[in-house]
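Asks: I would like to see how this sequence folds:
(2 chains)
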Amino acid sequence: MQYNHQEVEKKWQEFWAKNQTFKASNNTDKPKYYVLDMFPYPSGAGLHVGHPLGYIASDIYARYKRHKGFNVLHPQGYDSFGLPAEQYAIQTGQHPAVTTETNIKTYRRQLDKIGFSFDWSREVRTSSPEYYKWTQWVFVQLFESYYCKDANKAKSISELETIFAAEGNSTINAVCDEDVISFSANDWNAFSETKKQEILLQYRLTFLSDTEVNWCPALGTVLANDEIVNGVSERGGHPVIRKKMTQWSMRISAYAQRLLDGLHTIDWPQPLKDSQTNWIGRSQGAMVTFKVANFNITEDASKLSYKELEALKEIRLNPSKAEETLWNELKNKKGATKFRRKYKIGTFLTDYVCLAKNLIVEFSGKEDEVERDTYFASEGFHVLRFTNEEVLENVLGVVSKINNTIQFAKPLEKTAVKVEEKKEVIFEDDYKIEVFTTRPDTIYGVSFMTLAPEHELVAKITTLEQKEAVETYVEATAKRSERERMADVKTISGVFTGAYAVHPFSGKKVPIWIGDYVLASYGTGAVMAVPCGDQRDYDFAKNFGLKIPNIFEEVDISEAAHADKEGTKIANSDFLNGLSYKKAMKLAIYEMEQRGFGYGKINYRLRDAVFSRQRYWGEPFPVYYKDGMPQMIDAKHLPIVLPEVEKYLPTEDGKPPLGNADVWAWCTETNSVVGNEKINDTSVFPLELNTMPGWAGSSWYFNRYMDSTNEGEFVSKEAVDYWKEVDLYIGGSEHATGHLLYARFWQKFLFDKGLLPVDEFAKKLINQGMILGTSAIVYRVTGTNKYVSKALKDEHEVDEIRVDVKLINTSDELDIEALKKWQLQFENAEFILEEDKYVVGREVEKMSKRWFNVVNPDDICEEYGADALRLFEMFLGPLEQTKPWKTSGISGVYSFLKKLWKLYVGEEGVIVTDEEPTKDELKTLHKTIKKVEEDIENFSFNTSVSTFMIAANELTAQKCHKRAILEPLLALISPYAPHIAEELWSKLGNETSISTVEFPKFEASHLVESEKEYPVSFNGKMRFKLKLPLDMSKEEIEKIVMVHEKTVQQLQGRAPKKVIIVPGKIINIVG
RNA sequence: GCGGGAAUGGCGGAAUUGGCAUACGCGUCUGAUUUAGAAUCAGAAUUUUGAGAGUUCAAAUCUCUCUUCCCGUACCA
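Replies: Residues are numbered from 1 along each chain as shown, chains lettered A, B, ... in the order given. Next up, the predicted model:
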């Protein structure tokens, strides 16, 4: 009876499915163990042999833990929302749900063939409404929470409202937007409901804001920072630009410190922890305010005369009642919705304008309304007009209309060729520049300041003389893409603004420059330049001939800046003289705080995460809009199911794809989604058109597996208290700063809310390495249809062409006939052979369709079987390492399986006997038990495969067919090669599955030796071996060795200087 | 630039605490069996662990210097 892998594997896969062998219980006395894989996105291409690597490793561990008596949770599911299905839908009109379903079927079929011990009864799919109902629910929880810095945890927003009503916001220490206004309890209670909601939004953990986002025009969507690689989109490699949009964001920055601290408590790979640490980017320093000196009013671009300016002032000082009323509502808007009044656009003086949103609000009744509208439209502005009466009678209605326009109006194209300067007429009398520095100790080294070209003060402080130069520079910088700016870090560029800042300590004037080495998106977008201590400042100063004062004791800065902190003393710095870095830093901050122009601060690089995507195939937000303010839909009405649309593209007027849905409005009376035609803004409201990003569903799925069919809760308390967290998580390192950071954030939040018992979701994590493909290359003589074999390629000028690896045999020889049929271009080709063969070149590179080097696990399972595939993938090398795939190597593990089979089964059937095992046989078995157990515990799966091979080789040599040896051996192999183990187990007469059989116990007594073959070295070089009893003393050994004929021969009469004897290890003679 | 990791036969890779370098497998070669191929069995070779120095009786392993490669990140003040 021969080993027939197809028959055996089919039989046991069916057996496991039928008997639900791997169903985990939520209710048992066994200790729990939770092994998780990062769930796959089911792509249309299906799995290649690289994908299952991590699954095989985790499956081995899960099976091992079952043998060790654990109740193992080993689930699998699909991260099934995502861009490819949507792109495919756009191209073909096929609904993404259909594509996704098809792909999932393929994945499932492929996974089942490999014999994983997944508990499929717990499967989750992020795109199923039963699942995303709870993703929406988590979103609502975040919306209903704020982060209290005193308690250092998330708390309910209603608690905040209570405090506001009682004490205002002066006592609140919470994470919030930077531009919150301060108010008293009386103020709060007098605020309109909309106003209150606006303020609360600035505290919520998920909030709407106008943020500069990464907009990808080709994909028609916003991308998160971790979805961009080298300035282009991670998917598809399309260019990405910065753009302001109203978006949902997650206040992950509130958790920055805890996300850092948590890293010390989890067993994750150091490189991964390091990337998270860098990504969070904590830096300790100070915020310092510099005043701008001798500020001169910039003249308006369109040259208002002195008289006009005076008139303008007059109008501002004496507004009408209606103007006053409306301004009171608009003036507190901040950021991108900030309004300015009496602002000049072209030659027209507008009543109110929001520049970031291109919206003009005016009182009606002006004589030149038609001209104004034409001009404003050509400049890309929306215009809203109200009468005095409207404003006086219903100012909130007016504001709500304005808000709606801000929220939903599509942008207008500018038609005017010449864009007039937008310049504010300045009435403020004082400007301040805030900077963040990590080196407050070097503050006396400041000799200039640099602002990012995008800094809002640039236009305001630039002097007349420098105006042209500055504008040219700002424009030039704006034109350069992010990518160019990043690529070109060598060129030093910048322009003097003409303005000066006052050094807060010394009172000296320092020039203010702009330069693109300062980033608008980090810190405050401005730096205090300390050229002697920072290389970039130094280079900038050298380049523009700025002063480089030295504030370090006995340090030479003639060549480069001195960035070293330790061991240097501060000089020329007034009260900081003679102090070390640490002391000077503390004292400088103390003084700043005393004098009121600075304070100690910890800055994080981590930005709040943009949570809106302009896509169809994602979770809809449980949000509708009333008066321009977002409203959450109550949890009991979830899920809000993704609506049907005709087209999956953004709408023609630039709204996200959900803008195509006809039934996408929320009725607050029936609490259901209704047709858009019913929208009346009193009981039926428009729903949010964005969807959630890909990481929403993956940020909490590991908790859902614990209780995946629960309809009443996201996970029950009992389930989560039993399973607690993932014990072992295996997946790729590419998720280091995406999924793995967001998931930790959500876990901490849900922990704060008392919904989860632990605040880190995965105790141990392992990154499996990538499996690379080995491409096959043929060599075409350039300009001909002739192909030369590899050895001949240097004799010609050749083009390298990649061909399908399926056409290559194990000796790198090409099947020419098959190639001719494979692609038309080879049909009539001529092949020049070496020794009657065509040998191809091989190149190791990423597995990809375009290189034709993809190996499908189905083919391997078909030809060699799942057990061989599993063993081989582990045998390739250490789990974490990147390694190339070569199908030819699989014959080694395949012949091992056949050899193993032959120990149990002969021509006529089972040949296992009940004879007593010999000492040697027991030694082989126990050596194997020991090694395999250690290997699994250390995740060193590759070495266990060798151990199995050694065991099989030894037992074959010993002609061992004894049950006492072979039965325990099966339990050892079963995690790795479960099908053959089950089959042989049942052939030995066992009637139940091997999956929970106790792991064999290692007994050291079988390995005890009485003799040791000592290596005898001379000066560290091994010369011969000598068998001696282990219990022999040093003295006896020395006596025997010294008289040994080979020793005498080696020494050639010399007397050894020293003889080292380590009993049980080695004998070394020095001489 | 910064952070992390790595370097061992033709190839993938082993090597507990410093103690026989190259286990195990692929490939190559030889022989046996075989109509041939495939399969199976038996056997063989590859050369001192990227370079240099140090510590040690003893270094792939520890220390220092350098080189190369891979991964992550990037003007982070």
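Asks: Which single residue in chain A comes nearest to RNA strand B?
Replies: In chain A, the residue that lies nearest RNA strand B is A:Gly892 (2.4 Å; Cβ to the nearest atom of the strand). All C-beta atoms are positioned from the backbone trio N, CA, C, and that covers glycine.
Asks: Next one: that residue relative to A:Leu772, how far apart?
Replies: In this view, A:Gly892 and A:Leu772 are 19 Å apart by Cβ to Cβ, to the nearest Å.
Asks: and those two? which has more neighbours close in?
Replies: A:Leu772 (18 against 14; other Cβ atoms under 10 Å).
Asks: Help me confirm that the more buried one is found in a strand?
Replies: Yes. Under DSSP: H, G, I helix; E, B strand; the rest coil, A:Leu772 sits within a strand.
Asks: Look up which residues are beta-bridged to it.
Replies: A:Lys846, A:Pro884 (DSSP bridges).
Asks: What residue spans form the domains of chain A?
Replies: With domains defined by automatic domain parsing, chain A comprises A:28-129+A:694-767, A:306-408, A:432-604, A:622-689, A:771-863, A:886-998, A:1011-1070.
Asks: most neighbours per residue, which of those domains?
Replies: Of all the domains of chain A, domain A:28-129+A:694-767 has the most neighbours on average by mean count of other Cβ atoms under 10 Å, namely a mean of 20.
Asks: is RNA strand B contacted by that one?
Replies: Yes. Against RNA strand B, domain A:28-129+A:694-767 shows contacts by Cβ under 7 Å from any atom of the strand at A:733-734, A:736-737.
Asks: on that earlier part again, CA-only coordinates of the one helix or strand the residue of chain A closest to RNA strand B maps to, as CSV, when you get a sec.
Replies: Assessed by DSSP states H and E, A:Gly892 sits inside helix A:890-904. Coordinates of the C-alpha atoms in helix A:890-904 are reproduced here as CSV (Å, rounded to 0.1, in the frame of the first residue of the first chain):
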residue,chain,number,x,y,z
ILE,A,890,9.9,20.1,-2.3
SER,A,891,10.9,16.6,-3.4
GLY,A,892,13.0,16.4,-0.2
VAL,A,893,10.0,16.7,2.1
TYR,A,894,7.9,14.6,-0.2
SER,A,895,10.3,11.7,0.0
PHE,A,896,10.5,12.2,3.7
LEU,A,897,6.7,11.6,3.9
LYS,A,898,7.0,8.5,1.8
LYS,A,899,9.8,7.2,4.0
LEU,A,900,7.7,7.9,7.1
TRP,A,901,4.7,6.0,5.6
LYS,A,902,7.0,3.0,4.9
LEU,A,903,7.8,2.8,8.6
TYR,A,904,4.1,2.0,9.3
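Asks: if we look at that helix, which residues are touching it?
Replies: With contacts defined as Cβ atoms under 8 Å, 6 or more residues apart in numbering, helix A:890-904 is touched by A:2-3, A:5, A:810, A:860, A:864-865, A:867-869, A:871-872, A:875, A:910-912, A:945, A:948-949, A:952-953, A:955-956, A:960-961, A:966, A:973, A:977, A:980, A:984, A:987-988.
Asks: ok, now which ones touch A:Thr350?
Replies: Contacts of A:Thr350 (Cβ under 8 Å, 6+ apart): A:342-344, A:360, A:362.
Asks: A:Val1059 versus the residue nearest in space to the middle of chain A, what's the distance?
Replies: Centroid-nearest residue in chain A, with Cα atoms, centre = their mean: A:Gly738, separated by 1.6 Å. To A:Val1059, A:Gly738 is 61 Å away according to Cβ to Cβ.
Asks: Tell me the strands beside the helix or strand following the helix holding A:Gly892, with direction?
Replies: Downstream of helix A:890-904, the first helix or strand assigned by DSSP H and E is strand A:905-906. Paired with strand A:905-906 in the same sheet, following DSSP bridges, are strand A:909-910 (antiparallel).
Asks: Just tell me which of the domains of chain A ends up closest to A:Gly220.
Replies: Closest to A:Gly220 of the domains of chain A, according to Cβ to Cβ: domain A:622-689, at 4.7 Å.
Asks: measure that closest one end to end?
Replies: 10 Å (Cα to Cα, to the nearest Å).
Asks: got JSON lines for the domains of chain A, with mean pLDDT too?
Replies: Converted to JSON lines, those look like this (pLDDT from 0 to 100):
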{"stretch": "domain A:28-129+A:694-767", "mean pLDDT": "93"}
{"stretch": "domain A:306-408", "mean pLDDT": "76"}
{"stretch": "domain A:432-604", "mean pLDDT": "86"}
{"stretch": "domain A:622-689", "mean pLDDT": "91"}
{"stretch": "domain A:771-863", "mean pLDDT": "85"}
{"stretch": "domain A:886-998", "mean pLDDT": "92"}
{"stretch": "domain A:1011-1070", "mean pLDDT": "79"}
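Asks: returning to that earlier point: among the contacts of helix A:890-904, which lie within helices?
Replies: By the criterion of DSSP state H, membership of the contacts of helix A:890-904 in helices covers A:5, A:860, A:867-869, A:871-872, A:875, A:945, A:948-949, A:952-953, A:955-956, A:966, A:973, A:980, A:984, A:987.
Asks: same for RNA strand B: which of those are within range?
Replies: By Cβ under 7 Å from any atom of the strand, the members of the ones in helices among the contacts of helix A:890-904 lying near RNA strand B are A:875, A:945, A:949, A:953.
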